[in-house]
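Novice: Mind looking at a prediction? Sequence and model below.
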Amino acid sequence: MDVKENKATYIEMKTSLPGPEAQKLLERRMASIPRGPFNTVPTFAAKGEGALLTDVDGNTFIDFAGAIGSLNVGHCPPRVVEALKAQLERYLHPCFHVMMYEPYVALAEKLNELTPGDHPKKTFFLNSGAEAVENAVKIARKFTGRKAVISFERGFHGRTYMAMSLTSKVKPYKNGFGPFAPDTYKMPYPYYYRPPVGMSANELDEHILQKFDDFFLAEVPGEDVAAVILEPVQGEGGFVIPSTRFIQGVKAICEKYGILLIADEVQTGFGRTGKMFAMEHHGVVPDLMTMSKSIAAGLPISAVTGRADIMDAPGIGEIGGTYGGSPLGCAAALQVIAMLEEERLSERAARIGAAVTERFGRLQQEFSCIGDVRTLGAMSAIEFVKDPVSRTPDKELTARILQEAHQHGVIVMSAGIYGNVIRILSPLVITDEQLAEGLDVLEAALRACSS
């Protein structure tokens with residue numbers, strides 16, 4: 001791979017990975033931290049700014065991972081940093097359950113306003129996406145008096161036990177950790193690149209929606225199901241994008257049986273898909289919504305927002321948590337939302353996605369290993385296969401491309417149950433020049449690894 005052809009202006013690689021300082025830290029990491037937490041690149045951050053990350057050896061990368069979609073407004077946005085400094089001087093954490101504080105209320109009001117639907121809504125806060133999912137299920141069960149919860153194949157909802165039970169991928173998320181939460185079930189989710197033989201996209205939607213009725217006859221009656229939870233775009237599942245027809249069909253089934261629809265917008269929310277929330281693309285209003293990741297520029301906070309009557313179903317003390325809705329997280333989130341609105345970053349997301357689609361759509365004509373290019377806003381994926389006829393997933397090629405890109409200064413990650421999808425989650429504040437340079441490196445990595 002000839003990095004000179006990339007005419008790099010932002011990337012600066014002073015060492016191979018890991019560099020000498022990173023190697024020292026890696027040895028300490030292996031001695032003191034379990035192997036379980038995975039790491040995408042074998043180095044350690046020293047500084048982040050916008051879409052750039054510099055490691056402890058002075059290597060500067062373009063970040064196409066964005067902390068797995070947590071940094072839509074980029075690393076260390078100045079207005080968020082200033083808001084955090086101001087909050088630090090007031091109070092750190094009185095705990096909302098002990099003495100309340102205004103930023104919690106202000107952020108709840110803002111999310112009630114921003115999320116889809118003009119009905120009365122309420123919001124409360126937790127620490128992570130998995131916690132939001134756990135509590136959305138609790139609320140749905142409390143409100144409906146029902147037990148069963150339906151999720152979808154290839155879906156990812158977190159690593160805690162209920163969230164893991166709703167998640168579809170066995171390795172690495174579920175292998176050896178059972179038994180799982182009872183009364184959880186999975187339905188198919190449309191994957192238009194890999195349909196049953198001879199089935200069109202519309203026919204696939206109809207087939208899956210029909211299976212719901214069969215499920216209610218064969219497995220669990222509809223009146224026993226508390227909620228259906230879905231990702232408007234499957235994240236870890238490979239950035240699989242459903243049709244509006246499918247999402248609206250699921251909503252209609254929920255309404256028919258009195259089932260609550262939970263939209264898991266942990267990865268899709270806050271401008272990533274070209275709308276503030278991905279459900280807006282489909283004109284569907286969920287009963288409950290879970291949010292986290294890019295809500296607060298990387299600070300640990302999550303939210304559940306929903307119809308006020310549903311959210312009020314749990315009694316006092318039945319939902320909550322000591323650190324939920326920390327003042328720092330709330331202060332950061334308010335600034336993130338202001339940035340998204342004032343800088344029109346949802347519109348920026350659409351332009352980023354168009355650039356990725358143009359580049360890899362063109363390369364798809366040249367490289368038969370590119371099976372599919374999928375984009376909604378700045379949620380972009382390239383799926384690699386051994387050949388375009390069998391569409392056999394090529395996990396090995398994908399891994400080689402990723403490693404080559406990392407060594408040449410672009411941080412990017414894989415996805416999909418086959419591990420053959422490269423997903424791009426660059427900050428929405430990435431400049432056109434940084435985006436082009438990062439795509440140049442990714443293209444060069446593809447050429448080097450497929451030659």
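Specialist: Nice, I can see it. All values derive from a computational prediction rather than experimental measurement. Residues are numbered from 1 along each chain as shown.
Novice: Stretch 149-165: which residues count as buried?
Specialist: Neighbour-count burial for stretch 149-165 flags 149-159, 162-165 (criterion: 16 or more other Cβ atoms under 10 Å). In this view, the C-beta of every residue, glycine as well, is placed from N, C-alpha and C.
Novice: Give me the contact list for the one helix or strand Glu341 maps to.
Specialist: For Glu341, the host element (DSSP states H and E) is helix 327-342. Residues outside helix 327-342 that contact it (Cβ atoms under 8 Å, 6 or more residues apart in numbering): 72-73, 77, 79-80, 83-84, 86-88, 90-94, 101, 103-104, 106-107, 110, 114, 125, 270-271, 276, 294-297, 299-301, 345-346, 428.
Novice: Just the buried subset of the residues you listed, please.
Specialist: 72-73, 77, 80, 83-84, 87, 101, 103-104, 107, 110, 114, 125, 270-271, 276, 294-297, 299-301, 345-346, 428.
Novice: who's in contact with the spatially closest residue to Gly416 that is not a sequence neighbour?
Specialist: Counting by Cβ to Cβ, 6 or more residues apart in numbering, Gly416 lies nearest to Gly238, which is 3.2 Å off, once chain neighbours are set aside. Gly238 makes contacts with Arg154, Tyr191, Ala381, Glu383, Ala415, Gly416, Ile417, Tyr418, Val421, Arg423, as judged by Cβ under 8 Å, 6+ apart.
Novice: possible to save these as CSV with pLDDT and distance to Gly198?
Specialist: Shown next, in CSV, are the contacts of Gly238 (pLDDT from 0 to 100; distance: Cβ to Cβ, whole Å):
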residue, pLDDT, distance to Gly198
Arg154, 95, 22
Tyr191, 97, 15
Ala381, 97, 25
Glu383, 98, 21
Ala415, 95, 27
Gly416, 95, 23
Ile417, 92, 23
Tyr418, 95, 22
Val421, 98, 24
Arg423, 97, 29
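Novice: Which pair of the residues you listed spans the longest distance?
Specialist: Tyr191 and Arg423 (15.1 Å; Cβ to Cβ).
Novice: ok, those two, which is more surrounded?
Specialist: For Tyr191 versus Arg423, neighbours defined as other Cβ atoms under 10 Å are more numerous around Arg423 (24 against 19).
Novice: ok, the more buried one to Pro393 distance?
Specialist: Taking Cβ to Cβ, to the nearest Å as the measure, Arg423 falls 14 Å from Pro393.
Novice: how about the strands in the stretch 201-350 of the chain?
Specialist: Applying DSSP state E, counting those that start in this stretch to the stretch 201-350 of the chain gives strands spanning 225-230, 260-264, 288-291, 302-307.
Novice: contacts for the first one?
Specialist: Residues from elsewhere that reach strand 225-230, judged by Cβ under 8 Å, 6+ apart: 133, 136-137, 140-141, 143-144, 146-152, 155, 157, 166, 189, 216, 247, 250, 253-254, 257, 259-264, 287-288.
Novice: Of those, select the buried ones using a ChimeraX command.
Specialist: To isolate the buried ones among those in ChimeraX, judged by 16+ other Cβ under 10 Å, type:
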select :133,136,137,140,141,143,144,146,148,149,150,151,152,155,157,166,189,216,247,250,253,254,259,260,261,262,263,264,287,288
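Novice: Take the contacts of strand 225-230 and keep only those in helices.
Specialist: Among the contacts of strand 225-230, the residues falling in helices (DSSP state H) are 133, 136-137, 140-141, 143-144, 166, 216, 247, 250, 253-254, 257.
Novice: Dump the residues you listed to a markdown table, plus distance to Asp224.
Specialist: Formatted as a markdown table, the ones in helices among the contacts of strand 225-230 follow (distance: Cβ to Cβ, whole Å):
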| residue | distance to Asp224 |
| --- | --- |
| Val133 | 20 |
| Ala136 | 18 |
| Val137 | 15 |
| Ala140 | 13 |
| Arg141 | 11 |
| Phe143 | 14 |
| Thr144 | 9 |
| Leu166 | 17 |
| Phe216 | 9 |
| Ile247 | 23 |
| Val250 | 18 |
| Ile253 | 14 |
| Cys254 | 14 |
| Tyr257 | 9 |
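Novice: List the buried residues in the host helix or strand of Leu446.
Specialist: Here Leu446, judged by DSSP H and E, is contained in helix 432-450. Residues of helix 432-450 classed as buried by neighbour count (16+ other Cβ under 10 Å): 434-447, 449-450.
Novice: Outside of that helix itself, list whatever touches it.
Specialist: 1-3, 5-11, 50-52, 62, 64, 352, 355-356, 359, 363, 367, 369-370, 397, 400-402, 404-405, 408-410, 412, 422, 426, 430.
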